[in-house]
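>>> no sequence for this one, just the structure:
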């Protein structure tokens with residue numbers, strides 16, 4: 001679901017997400033960040049097929065994650081993601097992971113995505129149509 005440029009998705013924490021400390025492993029959040037970004041892109045019409053037609057792809061330059069509190073097996077998480085800043089050939093995307101039962105933030109973060117020309121592997125400009133599909137969300141409008 002997308003509301004005011006913010007994509008929302010639910011995840012149920014399963015045993016495969018849990019580490020030796022009995023909470024969601026930090027690497028799992030990185031995977032979820034990538035997965036939810038892809039789901040958001042698909043929801044606005046830029047799935048893998050569409051990007052292939054454009055001769056483009058997105059790659060991650062960097063991730064930042066802050067862990068606020070643990071998420072445990074069986075819990076439901078609501079994950080939010082949104083474009084915070086669209087630049088010439090890259091976009092800063094933010095994320096928030098919230099426990100559904102008590103609305104507590106368990107993790108937050110951001111990824112710097114670069115828009116790449118598949119033919120040469122170099123960054124390419126983000127066109128106006130793509131920018132319109134991913135409107136920037138101002139800090140004061142973030143979840």
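Sure, I can see it. All values derive from a computational prediction rather than experimental measurement.

>>> could I get the full set of helices for the protein?
Remark: helices assigned in the chain by DSSP state H are 26-43, 48-54, 128-133.

>>> now the shortest one: how far from the chain's centre is it?
Its chain's C-alpha centre lies 17 Å from the corresponding centre of helix 128-133 when counted by CA atoms, centre = their mean, to the nearest Å.

>>> so how far is residue 6 from the most centrally placed residue in the chain?
Per CA atoms, centre = their mean, the C-alpha nearest to the average position across the chain is that of residue 37, at 3.5 Å. Counting by CB to CB, to the nearest Å, the gap from residue 37 to residue 6 is 13 Å. From N, CA and C alone the C-beta is placed, and that goes for glycine too.

>>> before we move on, the earlier item: tell me who's in contact with the residue nearest to the centre of the chain.
Neighbouring residues of residue 37 by CB atoms under 8 Å, 6 or more residues apart in numbering: 58, 81, 93, 111, 113.

>>> between residue 37 and residue 6, which contacts overlap?
Both residue 37 and residue 6 are contacted by residue 81, under the criterion CB under 8 Å, 6+ apart.

>>> read off the pLDDT value for the residue nearest to residue 97 when sequence neighbours are not counted.
Distance criterion CB to CB, 6 or more residues apart in numbering; nearest residue to residue 97, sequence neighbours excluded, is residue 107 at 4.3 Å. Note for residue 107: predicted pLDDT of 98.

>>> just residue 66 next, same as before
Looking at residue 66, its pLDDT reads 98.

>>> near it, how many other residues are there?
Neighbour count for residue 66, taken as other CB atoms under 10 Å: 9.

>>> ok, it to residue 118 distance?
Applying CB to CB to residue 66 and residue 118 gives a distance of 33 Å.

>>> again, but for residue 95
26 Å.

>>> over to residue 135?
Applying CB to CB to residue 135 and residue 118 gives a distance of 25 Å.

>>> and what of residue 30?
According to CB to CB, residue 30 and residue 118 sit 23 Å apart.

>>> the residue nearest to residue 68 when sequence neighbours are not counted: neighbouring residues, count only.
In this structure, residue 68 finds its nearest non-sequential neighbour in residue 105, 4.9 Å apart by CB to CB, 6+ apart. Residues lying near residue 105 (other CB under 10 Å) number 15.
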